[in-house]
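# Fold the following and give me the result.
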Amino acid sequence: MDWMDVQAAQDGAAAGVSAEDLLAGLNEPQKSAVIHAEGPLLILAGPGSGKTRVMTHRIAWLVTQAGVRTEEILAITFTNKAAAEMRERVDRLLPNLTGAWISTFHSMCARILRRDIELLAPFTRDFSIYDTSDRNQLIKKIIKDLGYDPKRFRPALVGGWISNEKNRVADQDQPLVIDDGSGMDDEVFSKVRDAYAQRMADQNALDFDDLLLKTLELFDRHPGVRDSYATRFRFVLVDEYQDTNRVQYLLTSHLASGHGNLAVCGDPDQSIYGWRGADIRNILDFEKDFGEPLVVRLEQNYRSTKTILGAASALIANNKQRKVKELWTEGEEGERLVILECGDENEEAREIAAQIRGVEGRGGSFGDCAVFYRMNFMQRALESALRLAGVPYQVVGGLEFYQRREIRDLVAYLRLLVNPKDDQAFLRVVNAPLRGVGQTTVGRLIQWTVDRRLCMRDALRSEEAVALVRGRAKKGLAEFAGVLEALDPMRDGPAGEALAAVLEGIGRERWIAEMDDGDTLVDRDSNVEELLAHAQEYDRLHPDGKLPGFLQDVALVSDTDVYDGTEDAVKLMTLHSAKGLEFPQVFIAGCEEELIPHGRALEEDPVNGIEEERRLFYVGLTRAMKRLFLTHAVTRFFFGDTRWARPSPFLEEIPAEFVEGLERDDPESVLGAYEPEDDGAAALAVGQLVEHEHFGRGRIESLSGSGVNARAEVRFDQHGSKQLLLSYAHLVAV
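Predicted structure coming up:
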């Protein structure tokens, strides 16, 4: 069947869907977003307002009613799970319709680079994608090679700084802060950063930031490539636009440059990723940047009760960086929120477990319940209490499938087949299964390759390099080289066949038997079977995808992509992981100062930080469909010390009328005796010298606001000017 036949078949499938079908069941704002023709479109979508339905029906409308060909549509989401859901929904509306690109930013960029990255020498199309773990391992090796201690200069932290600096290339307004007390100065950081960039190029590898930045570089340096995509994609749709960073904003602008048919959907009130570069200004300034768009507000909520919506709306109204929406629902009034005070984190966990047991006793299911928390360390007490109470639970975002040892080993073998320069993959499996190749041998080979700017597989083929190795290690390297050479013909074949060949080549039973480190061998073997099944399923769904495409999918998977909501178990997760999910019964633990809002966020950016923390709490509240429990402890074991804990000021922002046990006109606040302490503003004056726990000595330049909103601008001797909320800053007069 040629292209014209395929197009005709698609048009025939589309013809069976009428305008009435596509608009049935939509409210008026949803309809206006779906049928919008050409020009920019801003969809401000409140939580639970049906935005995914609007996006998918808009795609179907463009194809069936506006005469747009499917290959002219680009839809971008933020997770593979969301992209898969969107594809599935579009397929239900228009069966067998192909051609549209529906993917994440990273998947889209990887796809573009697979075709054109060779314009950016020295990279080639068989590049590897390094995840955060790969990146940190490489940085650790570089820190050691440069003669520094990775315990002092922590690889994960350095990796975060490198990521931040990469994104500064596109946003010079974003300062790079290197301050963790380790003593890493600009000179040391520059050495590590430059060595990292060089090793990545030598290994023909890109990290997650590189996928976006290299695509932006490709568009900037080769306008013809950019124009080819801007011409092809006549309609661009971006979901979760409030979470885009500067690079994603620029990529979107490039792709919409030929026509201006850009539809973005998002909610400034749910922008919670500023710590990783998301810029709320992208959605707040959309009307200014893209010129008189149609603005549609999706304010009808189909998820939560009136009470939960009222509480959440009152909370978020305290933010200034937002687009005002008036959320409403036709649903029931619902039960009031429950705020529980507990003695410590263990009592808190036991109380949550007891409440969940009560849900089950009233005919509900464990799967109806979710527990959110701000930081991962809080998970331990919750797990312990749930186990003791006999409550099944599932941790979302813990040690996920693709992070397991046996899975990472197999994926490394596959990566090495596709990209022989992938030294991170080489180093992972050179001694898996055990071949007697120790750190001394590996160190000699690494030094040989670094001196010659070659890769580790080059060393295997070099008599000079192999001559550096003695005894059992030499035999082990020869065995490893033989396995790789036997597997090389599989590099362009189906993923399932390549994986089966790897398992046969390394000796599956021997390799699994050697992994005696806590997990049962049966579990590891089951995980291997699951990966094999996944590879075979990929081959079935992508007959032309081959092994490189499978590896790309694996590299870009995230914690939430592997979330399984079907298990009848309580879900435990951080507030960030809860984004996009919903549950009948929600518990938010640790509603205390230093946790919600997080102390670090307020230190790094006090004014913007408090607003993002409030947005994060708002996201947590709006996941709840029926009931919402908020818990806080009087004391909590926190960073090696038991501390007194003050209730979160966000609890004060929830009107009493929405809280169980309090009345609309009750003079008591939500927290009763826990009134905010005096912010200390009255004792401070402009020009006064003060001391801050982290920023040191400084002078007050201005004072503003009152109560919990009292602020001071302080110019510190070592850290410059900072805007501080006095209720958190605890300034001491000098």
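
# now do the same end-to-end measure for stretch 477-496.
26 Å (Cα to Cα, to the nearest Å).

# try stretch 630-642
Start-to-end, stretch 630-642 (Cα to Cα) is 21 Å.

# what do you get for stretch 142-149?
End-to-end for stretch 142-149, by Cα to Cα: 10 Å.

# Low-confidence regions, the stretch 451-600 of the chain specifically.
516-520, 559-563 (pLDDT under 70).

# correct me, but residue 26 touches residue 60?
No: here residue 26 lies out of contact with residue 60, judged by Cβ atoms under 8 Å, at a distance of 11.9 Å. Backbone N, C-alpha and C define where each C-beta goes, glycine included.

# okay, the two: which has more neighbours?
residue 60 (20 against 17; other Cβ atoms under 10 Å).

# just so I have it, where are all the strands in the stretch 551-700 of the chain?
570-574, 583-588, 624-633, 635-638, 641-644, 689-692, 696-704 (DSSP state E, counting those that start in this stretch).

# Report the distance from the second one to the chain centre.
Right, the one you point to is strand 583-588. Mean-position distance between strand 583-588 and its chain equals 21 Å (Cα atoms, centre = their mean, to the nearest Å).

# Starting from it, tell me which strands it pairs with and how they run.
strand 369-373 (parallel), strand 624-633 (parallel) (DSSP bridges).

# Next, the residue nearest to residue 286 when sequence neighbours are not counted: secondary structure please.
Of all residues not flanking residue 286 in the chain, residue 42 sits nearest, at 5.0 Å (Cβ to Cβ, 6 or more residues apart in numbering). Judged by DSSP: H, G, I helix; E, B strand; the rest coil, the three-state class of residue 42 is strand.

# Report whether the expected contact of residue 42 with residue 262 is present.
No: using Cβ under 8 Å, residue 42 is not in contact with residue 262, being 9.2 Å away.

# okay, now the closest residue to residue 474 other than its chain neighbours: neighbour count?
Spatial nearest neighbour of residue 474, excluding adjacent residues (Cβ to Cβ, 6+ apart): residue 466 at 6.7 Å. The tally of other residues near residue 466 (other Cβ under 10 Å) stands at 16.

# Residue 466 against residue 477, yeah?
Yes: judged on Cβ under 8 Å, residue 466 makes contact with residue 477 at a distance of 6.7 Å.

# Report the set of residues contacting both of the two.
residue 460 (Cβ atoms under 8 Å, 6 or more residues apart in numbering).

# contacting residues around the residue of the chain most remote from its centre?
No residue in the chain sits farther from the centre than residue 471, which is 46.2 Å out by Cα atoms, centre = their mean. Applying Cβ under 8 Å, 6+ apart to residue 471 gives the contacts residue 436.

# The same query, at a cut-off of 7 Å, please.
For residue 471, no contacting residues are found, by Cβ atoms under 7 Å, 6 or more residues apart in numbering.

# Please apply the same query to residue 722.
606, 695, 714, 716.

# most neighbours, which of these?
residue 714 (26 neighbours).

# any idea which of the strands paired with strand 583-588 is most buried?
Highest mean neighbour count among the strands paired with strand 583-588 (mean count of other Cβ atoms under 10 Å): strand 369-373, with a mean of 27.
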